[in-house]
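> With the input below, show me the fold.
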Amino acid sequence: MAEALRAVTSTDLDYPVFARGKVRDTYTLDAGRLLMVATDRISAFDWVMPDGIPDRGRVLTQLSVFWFERLGDLQPSHLLGTELEGLPSELAGRSMVVRRAERIDFECVVRGYLAGSAWSEYSQRGTMVGEPLPTGLRQSERLPEPIFTPATKADTGHDENISFSRLASSVGDDSAAQLRDASLTLYEAGARLAEARGLILADTKFEFGLIDGSLTLIDEVLTPDSSRYWAAESYKVGTSPESFDKQFLRDWLASQTGWDRNSPPPRLPEQVVERTRERYLTAYQRLTGSSLSSIS
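Take a look at the predicted model:
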């Protein structure tokens, strides 16, 4: 792969490490600020792949910035800026300076369409997180109205969908209602903009924290990693539409490699890397109306 497309899979900055995740390296700047760096690492089936996807971290960062700015009137976010003096040039476009928040350890999921784990549950039991839905719905069909389905936040392994009452028992009735209402409002705003750009926002997840006691949107927002986007022009009820995320990689791993998911994953062929990269770049361009190359 050409040098211009080299993936950034690790960082080593002269700041205390706050956390290292599957994608992001987070550093402590001072008592109130963190530096979040989105690398090009990519995971599937709970494994980080041995090869990264060039520009993926830039897409995740720049789309988050795009959405934080557009949703700011609806919900304050932790974003302070995207520049910090002294950072290596390879981290341009993939770093955010954010306010440090007290994280609320639940994923705030909103589903507008019947897909993924929601479709699996409905097709077996006619429910979503144990709550009955109208009969006769088909795969990928638009729901009568968006539904808030919180989940536990797992640092390793899989998140678990939970009921609203379980969320309320953990964070309190008022806080649970605030999380639900904020998530639904943000989803609806995101879905409207995506629709105007020819994309369907099937579902997404938000993360929140508290800063000075106020609910604040944190982490990333409405990116291909946290959201399921479909192309409106090819959307068809009763099918599983192709999404603008790493599903191509998952499908290749599941169907072409014989990987047992218990041992280290195989290296990624250049074609798989490039096809996955294209999905992220396309999502960025369609949502923002500009190419990623315009980001310095």
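
> Pull out the buried residues from the helix ranked longest in the chain.
Assignment by DSSP state H gives helix 173-196 as the longest helix of the chain. Neighbour-count burial for helix 173-196, with 16 or more other Cβ atoms under 10 Å as criterion, is recorded at 175-176, 179-180, 182-184, 186-187, 189-191, 193-194. In short, each C-beta sits where N, CA and C put it, glycine included.

> And stretch 122-137, by the same measure?
Tyr122, Met128, Val129, Leu133, Leu137.

> And the residues you listed, which two are furthest apart?
Val129 and Leu137 (14.9 Å; Cβ to Cβ).

> Tabulate the buried residues of helix 173-196 in CSV, adding columns for pLDDT.
Supplementary listing: the buried residues of helix 173-196 in CSV, determined by pLDDT from 0 to 100:
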residue, pLDDT
Ser175, 98
Ala176, 98
Leu179, 98
Arg180, 98
Ala182, 98
Ser183, 98
Leu184, 98
Leu186, 98
Tyr187, 98
Ala189, 98
Gly190, 98
Ala191, 98
Leu193, 97
Ala194, 98
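
> between these, which is closest to Phe208?
Taking Cβ to Cβ as the measure, Phe208 sits nearest to Leu179 out of those, at 6.2 Å.

> which one is that closest one nearest to, not counting chain neighbours?
Among residues not flanking Leu179 along the chain, Cys108 sits closest, at 5.3 Å (Cβ to Cβ, 6 or more residues apart in numbering).

> Same check on Leu13?
Tyr27 (5.6 Å).

> Is that neighbour part of a helix or strand, or is it coil?
strand (DSSP: H, G, I helix; E, B strand; the rest coil).

> one step back: next one: the residue nearest to Leu179 relative to Gln247, how far apart?
For Cys108, the distance to Gln247 (Cβ to Cβ, to the nearest Å) stands at 22 Å.

> go on, Tyr229?
11 Å.

> Likewise for Gln139?
When Gln139 is compared with Gln247 (using Cβ to Cβ), they lie 15 Å apart.

> and what of Ile53?
For Ile53, the distance to Gln247 - Cβ to Cβ - is 13 Å.

> Compare these two (neighbour count), which wins?
Counted by other Cβ atoms under 10 Å, Ile53 and Gln247 do not tie: Ile53 has more neighbours, with 28 against 17.

> quick revisit: in TSV, list the buried residues of helix 173-196 along with distance to Val37.
Below are the buried residues of helix 173-196 laid out as TSV (distance: Cβ to Cβ, whole Å):
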residue	distance to Val37
Ser175	30
Ala176	32
Leu179	27
Arg180	31
Ala182	26
Ser183	26
Leu184	31
Leu186	24
Tyr187	27
Ala189	27
Gly190	24
Ala191	29
Leu193	26
Ala194	26
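
> wait, which of these is closest to Val237?
Distances from Val237 to the buried residues of helix 173-196, taken by Cβ to Cβ, are shortest for Ala191, at 16.9 Å.

> Quick check, the closest one in contact with Tyr113.
No. Judged on Cβ atoms under 8 Å, Ala191 makes no contact with Tyr113 at a distance of 9.9 Å.

> which residues are common contacts for the two?
Ile200 (Cβ atoms under 8 Å, 6 or more residues apart in numbering).

> can you give me the helices for the stretch 1-150 of the chain?
Along the stretch 1-150 of the chain, the segments classed as helices by DSSP state H, counting those that start in this stretch run 56-71, 116-125.

> Pick the most deeply packed of these.
helix 56-71 (a mean of 22; mean count of other Cβ atoms under 10 Å).

> That helix - contacts with which helices or strands?
Under the contact definition 3 or more Cβ pairs under 8 Å, 6 or more residues apart in numbering; DSSP states H and E, helix 56-71 sits against strand 33-38, strand 79-81, strand 95-99, helix 173-196, helix 270-288.

> how about a cut-off of 7 Å?
Packing partners of helix 56-71 (3 or more Cβ pairs under 7 Å, 6 or more residues apart in numbering; DSSP states H and E): strand 33-38, strand 95-99, helix 173-196, helix 270-288.

> Please enumerate residues in contact with that helix?
8, 23, 38-40, 42, 77, 79, 82, 93-96, 186, 189-190, 220-223, 225, 277, 280-281, 284, 287-288, 292, 295 (Cβ atoms under 7 Å, 6 or more residues apart in numbering).
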